[in-house]
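Peer 1: Sequence and predicted model, in that order:
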Amino acid sequence: MLVTTIVTHNTRFRIGWIALLVSAALMSLTHFSLIFILDEPVLFTGFALFNLYALLVVLIPFRRDEKWAWTTTWLLPIGLALPAALDPDIMFFYFAVAAVCVLGLLLTMPAFFSQK
């Protein structure tokens, strides 16, 4: 039996969700293209799969208000900030995307933890 959950969200949640969705999609596309452009295909394959996983979590269970998805999505900004801290060449871009992800998570937080 298939159960369909229809959840209505406010504008604040939608803005945060779209910010997370776009960030994960752009980082997936960026890392996937770097597999073919740069010399380290294994490294960028791992990053592409990491971002693709984050994209799928944000796309399906996050939108259904599953609390585990909100907690798991924190791996996205952490996973972007750690390599940025070690490489000054990518620092600005990765920290900017990580900041957008944190903002998106903070905007969506009331939907997950408010008393319904």
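Peer 2: Okay, I see it.
Peer 1: Show me the helices in this protein, by range?
Peer 2: For the chain, the helices defined by DSSP state H occupy 11-37, 41-59, 67-73, 75-86, 91-113.
Peer 1: a markdown table for those helices, including mean neighbour count and mean pLDDT?
Peer 2: C-beta here means a position set from N, CA and C on the backbone, and glycine is covered the same way. A markdown table is the format used below for the helices of the chain (neighbours: other CB atoms under 10 Å; pLDDT from 0 to 100):
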| stretch | mean neighbour count | mean pLDDT |
| --- | --- | --- |
| helix 11-37 | 17 | 94 |
| helix 41-59 | 17 | 93 |
| helix 67-73 | 15 | 94 |
| helix 75-86 | 16 | 91 |
| helix 91-113 | 17 | 94 |
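Peer 1: how far away is the nearest residue to residue 48 once chain neighbours are set aside from residue 79?
Peer 2: Nearest non-adjacent residue to residue 48, counting by CB to CB, 6 or more residues apart in numbering: residue 31, 3.9 Å away. Separation of residue 31 from residue 79 (CB to CB, to the nearest Å) stands at 11 Å.
Peer 1: one step back: quick check, the residue nearest to residue 48 in contact with residue 47.
Peer 2: Yes - counting by CB atoms under 8 Å, residue 47 is a contact partner of residue 31 at 4.1 Å.
Peer 1: got the contact list for residue 106?
Peer 2: Taking CB atoms under 8 Å, 6 or more residues apart in numbering as the criterion, residue 106 is in contact with residue 16.
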